[in-house]
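S.K.: just coords:
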């Protein structure tokens, strides 16, 4: 399915916002900078970018991925240690976990490898967990950091980091990037890219329909996926090889965020009513004939 909501890196579309974000992160990692931050609204593709980053890293890096940061400091330390390859089953190691983590990081550095802690949904980190990350970031040699930390989060992450409690972390963020939504042209390309990547034809969803999808979704990748998935289901259910305006209209009105964005638009309401009237008239004419 070309528009599944599961983040699949095979469908990664290197549009400007995601491509630029990936370049910023990789540049920062190559310079061994401490904290790196990527923020974006809900549905802008942060998790997909996160997984793309992990797949993109070469053997020089040891990626430690935490998809659920809603953890206590001890749980965060334990999760990080497991990702790092520390034997957490040993009681003596568990009692001195911070030292074990530092020893593992030093061993990696001797092997000319760099540990990278990648945290998704970082806006959910508690104050204590953020303080734990700060302590991790203190681990360093005379020349460089032993650990680099990449934070992916919603705009609430910026709000949290603005708090004086965590000003030390905020000052250590050397690189940051804010993911934007897609433009109308990018939405059109994105839809075609996913259709062809799945083995179909990009003409299944015509250009005009893509333009309206861009307006309805405001270029949010997740909403584009939802609407396009519904469009394809409707077309398939009617045995059609191409999506129609009726399929698009039905899919948009069936998606809360899109419907709420377009209904206040009087031009769209007028367009929708005219389209419905034309479709009804066409069906009546076919019935009479």
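M.R.: Arrived safely, thanks for sending. Note that the structure is a prediction, hence the values are computed from the model and not measured.
S.K.: what about the helices in the stretch 51-200 of the chain?
M.R.: Read by DSSP state H, counting those that start in this stretch, the stretch 51-200 of the chain holds these helices, from start to end of the chain: 73-84, 91-95, 97-110, 127-137, 156-161, 167-172, 184-197.
S.K.: and the first one, what does it pack onto?
M.R.: Right, the one you point to is helix 73-84. strand 61-66, helix 97-110, strand 114-119, helix 127-137 (3 or more C-beta pairs under 8 Å, 6 or more residues apart in numbering; DSSP states H and E). To be clear about C-beta, it is placed using only N, CA and C from the backbone, and glycine gets the same treatment.
S.K.: Mean confidence (pLDDT) on that helix, please.
M.R.: The average pLDDT for helix 73-84 rounds to 90.
S.K.: how many other residues sit next to residue 5?
M.R.: As a burial measure, residue 5 scores 12 neighbours (other C-beta atoms under 10 Å).
S.K.: Quick check: closest non-adjacent residue to it.
M.R.: Using C-beta to C-beta, 6 or more residues apart in numbering and skipping the chain neighbours, the partner closest in space to residue 5 is residue 225 (5.8 Å).
S.K.: Report the separation between the closest residue to residue 211 other than its chain neighbours and residue 3.
M.R.: In space, not counting the residues next to it along the chain, residue 211 is nearest to residue 184; the distance is 6.0 Å by C-beta to C-beta, 6+ apart. Relative to residue 3, residue 184 is positioned 18 Å away (criterion: C-beta to C-beta, to the nearest Å).
S.K.: Which secondary structure element is home to the nearest residue to residue 180 once chain neighbours are set aside?
M.R.: In space, residue 180 comes closest to residue 17 once its chain neighbours are excluded; the distance is 5.0 Å by C-beta to C-beta, 6+ apart. Here residue 17 is covered by helix 16-30, with elements defined by DSSP states H and E.
S.K.: how about that helix: buried residues?
M.R.: Buried residues in helix 16-30, counted by 16 or more other C-beta atoms under 10 Å: 17-18, 21-22, 24-25, 28-29.
S.K.: Columns distance to residue 243 and pLDDT on top of these, output as CSV?
M.R.: Written out in CSV, the entries for the buried residues of helix 16-30 read as follows (distance: C-beta to C-beta, whole Å; pLDDT from 0 to 100):
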residue, distance to residue 243, pLDDT
17, 26, 90
18, 25, 92
21, 30, 93
22, 31, 93
24, 36, 92
25, 36, 93
28, 41, 90
29, 41, 90
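S.K.: Return the closest of these with respect to residue 84.
M.R.: Top of the list for closeness to residue 84, among the buried residues of helix 16-30 and by C-beta to C-beta, is residue 29 at 16.5 Å.
S.K.: Hmm, residue 116 and that closest one touching each other?
M.R.: Yes. Under the criterion of C-beta atoms under 8 Å, residue 29 lies in contact with residue 116, with a separation of 6.4 Å.
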